[in-house]
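>>> what's the 3D shape of this:
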Amino acid sequence: MKKALIIAGKFVQDVEYVYPFYRLQEAGFKLDVAVKDKELVFGVNGIKVVPTRNLKNIKASDYDILILPGGARCMEYLRQEPEVIKAVAEFHKKGKVIACICHGTQLLISARIVKDKKISGYYSIKDDIENAGATYVDAPAVVDGNIVTSPHYNYMGDWMREALNLLHDKK
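Prediction:
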């Protein structure tokens, strides 16, 4: 069975969490949601995020795909967690598909995996993306290597379609 991991936290962007949560289940994935201390948290608009695992000791080898939803405040908290940055870097090192949307790109920057790549993210972090050595691309879904990025929840269909296509192509 295919396995997916969503890393989330308090103030995650609700729709960027919910859409991949159900889309991956629909595609037959076993899904884990990792939150610090396995704490029940709420999205920026109030959606309940019920974790199935803690952020500690995440192993990329246990999963086929990593989902990083956005939420500016959520990412500011998550990028301060060494376990999150370590996990993102490990997924990348192992060539696992990483699907990231909006401010979730900040975790890619903090993991130092965007240099020399084409990357999208919310328009307000364009400078951060470019300062990290990537080329900012404003497009619904940008694929570079094992990373699929998108700037905004308006493009979630494109983003998840490309992520699942990339995963299928890697198999």
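>>> from the middle of its chain, how far away would stretch 117-124 be?
13 Å (CA atoms, centre = their mean, to the nearest Å).
>>> in that stretch, what counts as buried?
The neighbour-count check on stretch 117-124 (16 or more other CB atoms under 10 Å) flags K117, K118, I119, S120, G121, Y122 as buried. Yep, even glycine has a C-beta here, placed from its N, CA and C like the rest.
>>> Measure how buried P82 is and give me the count.
By the criterion of other CB atoms under 10 Å, P82 has 11 neighbours.
>>> Quick one: the helices in the protein, in order.
Taking DSSP state H, the helices of the chain run over residues 14-26, 72-78, 82-93, 105-110, 126-131, 156-170.
>>> by contact count, what packs against the fifth one?
Pointing back at helix 126-131 there. helix 105-110, strand 135-136 (3 or more CB pairs under 8 Å, 6 or more residues apart in numbering; DSSP states H and E).
>>> Mean neighbour count added to the ones you listed, as CSV?
Shown next, in CSV, are the helices and strands packed on helix 126-131 (neighbours: other CB atoms under 10 Å):
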stretch, mean neighbour count
helix 105-110, 25
strand 135-136, 18
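>>> Quick one: closest of the ones you listed to G28.
If you check each of these against G28 by CB to CB, helix 105-110 wins as the nearest, at 25.9 Å.
>>> Identify the residues contacting the closest one?
The contact list for helix 105-110 (CB atoms under 8 Å, 6 or more residues apart in numbering) reads 7, 68, 70, 75-76, 78-79, 84-85, 88, 98, 100, 114, 119-122, 125, 128-129, 132, 147, 149.
>>> got any ranges where this protein has weak pLDDT?
171 (pLDDT under 70).
>>> Name the residue closest to the centre of this structure, please.
Nearest to the mean C-alpha position of the chain, by CA atoms, centre = their mean, lies L68 at 1.5 Å.
>>> How about the contacts made by it?
Applying CB under 8 Å, 6+ apart, the residues near L68 are I6, I7, V88, I98, A99, C100, I101, G104, T105, L107, L108.
>>> now, among those, which is nearest to L31?
Taking the contacts of L68 together and measuring to L31 by CB to CB, the closest member is I6, at 6.9 Å.
>>> tell me which residues form a beta bridge with the closest one?
When bridges are called by DSSP bridges, I6 pairs up with V33, I67.
>>> how close does it sit to V137?
To V137, I6 is 23 Å away according to CB to CB, to the nearest Å.
>>> which of those two has more neighbours?
It is I6, of I6 and V137, that has more neighbours when counted by other CB under 10 Å, with 24 against 17.
>>> For T52, find the nearest of the helices of the chain.
The nearest among the helices of the chain, by CB to CB, is helix 14-26 at 11.1 Å.
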